[in-house]
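Enquirer: How does the following fold in three dimensions:
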Amino acid sequence: MQDAVSGVIQGCVDMKNMRINLLVGLLLLTVTATPQQLIANNKSFDAVYRNYSFKVDTLIESGAFCEIESALVTVWAPGDSIYLKKMEENKTIRIDDFGVRFIKGYRRDEVDYLQFSIRNGSEAVDEPEGKITVTDKGYVWGLGNYRFRVDHLVYGSMGCVVKKVVLEIINPDDVKTERTLFVGNTIYFEGMEIEVLDAYQSPDVSYAEIVISDVMGCVETDNGDNTLQKGICKDSTGSYTDLCLGDMIVEYSCVNSMCKITTVECGKGKCIEGACVGSETTTTATTTTFPTTSTESTTTSTTTTSTTTTTSAEPTTFSTTTSTSTTTTIEEDKPLLNLSPEYAMVFMVFILLILGYQYISRRKHNKGT
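Expert: Okay, here's the model as predicted:
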């Protein structure tokens, strides 16, 4: 009987210990799952995690209602290296082997405060390759020994939304150029692709986050001279999109690593949004081509009733190809034209205007006689 009572008492003690261990385990799990939080300010490096210190550079007001949704923070890392990091809502930013995430920013007694959390490095999103933060306080080195600086920001009509960035660029030959970029858009400059990810302003400094990448050769989205599909051609000089000119299509495609321009009549079809729609197919084509460099023969075939004029970005020779069942190629060594795609389009429009004027003049003359 005594042994039975002792067993019951011992069982109760064991159950009590199990509950205590379970509660301790749950408490430890809760503590472990809760990320460590820090509060930084713009007066000192008081926020410290391991050997990293944080100081608020500026709280960023954005959107139509100028809400604080991100912050630019100065990080003092081991080895006395100092760099800027932008912390954002709903995004973990990598700092070496750990991550940080914006919680909230606020101002109190003329002091900027930032509350943020320390996260696991596996949650962090790596920044795009080639990304740099440019300001209006000095030039920042980028790809290929080019230097970049913000001249000024252009705001939209609502709140704190930056619409455009005016960027100063100095090339390796110390030639300065100014370019205006829309936020979220891309431009092509001297073989580089420059994209503006974001732009914002503190009371004293204008910032722009840009990504710079090298444009390699020529790429296109519609796989060549495809008049039935609207496409985009990109090379070191820029980006060109197929478009309509009346019932003619202005088609861009890659030739010798450069975008060439071709105008094609859509035959009995129509040109709609950069593509020929409802065209009949035929085996007859007449093509005028200005190929790039050297005297190369160019053979053009098409399945659309068409008259085609082709101009490359850097033409040096002239050739005419007439193809039915056979192809005849005539080449001249002397360069006749040197037109960029933009000037080639202006030239063609000018020719069309002259032809239209001559046609109207003839009709008036015939009526008079």
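Enquirer: Would you map the helices across the chain?
Expert: Along the chain, counting by DSSP state H, helices occupy 2-33, 341-368.
Enquirer: Confidence-wise, which of those helices is weakest overall?
Expert: Per-stretch mean pLDDT for the helices of the chain is lowest at helix 2-33 (a mean of 55).
Enquirer: Please name the nearest non-neighbouring residue to residue 49.
Expert: Leaving aside its chain neighbours, residue 49 sits nearest to residue 118 (5.5 Å; criterion: CB to CB, 6 or more residues apart in numbering). The way it works is simple: take the backbone N, C-alpha and C, and place the C-beta from them, glycine included.
Enquirer: could you pull out the strands for the stretch 1-150 of the chain?
Expert: Remark: strands of the stretch 1-150 of the chain, listed N- to C-terminal, are 37-41, 47-49, 52-62, 67-77, 81-88, 92-95, 98-108, 111-120, 131-135, 140-141, 147-155; assignment by DSSP state E, counting those that start in this stretch.
Enquirer: export those to a markdown table and tack on mean neighbour count?
Expert: Conversion of the strands of the stretch 1-150 of the chain to a markdown table gives the following (neighbours: other CB atoms under 10 Å):
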| stretch | mean neighbour count |
| --- | --- |
| strand 37-41 | 17 |
| strand 47-49 | 15 |
| strand 52-62 | 21 |
| strand 67-77 | 19 |
| strand 81-88 | 15 |
| strand 92-95 | 20 |
| strand 98-108 | 17 |
| strand 111-120 | 18 |
| strand 131-135 | 18 |
| strand 140-141 | 14 |
| strand 147-155 | 17 |
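Enquirer: looking at it, the residue nearest to residue 49 is touching residue 36, isn't it?
Expert: Yes: Residue 118 is in contact with residue 36 according to CB atoms under 8 Å; the separation is 4.4 Å.
Enquirer: shared neighbours of the two, anything?
Expert: Overlap between the contact sets of residue 118 and residue 36, as judged by CB atoms under 8 Å, 6 or more residues apart in numbering, is given by residue 49.
Enquirer: Spatially central residue in the chain, please.
Expert: Residue closest to the average C-alpha location in the chain (CA atoms, centre = their mean): residue 195, at 4.0 Å.
Enquirer: Give me the pLDDT for it.
Expert: pLDDT, residue 195: 94.
Enquirer: Equivalent analysis for residue 289, please.
Expert: As summarised for this prediction, residue 289 has a pLDDT of 35.
Enquirer: please renumber so the chain begins at 89
Expert: From this message on, residue numbering opens at 89, which makes the last subject residue 377.
Enquirer: ok, back up a step: correct me, but the residue nearest to the centre of the chain touches residue 298?
Expert: Yes: Residue 283 is in contact with residue 298 according to CB under 8 Å; the separation is 6.5 Å.
Enquirer: And residue 289, how far from residue 154?
Expert: To residue 154, residue 289 is 11 Å away according to CB to CB, to the nearest Å.
Enquirer: Between those two, tell me which one has more neighbours.
Expert: Looking at residue 289 and residue 154 with other CB atoms under 10 Å, you find the greater number of neighbours at residue 289, namely 21 against 13.
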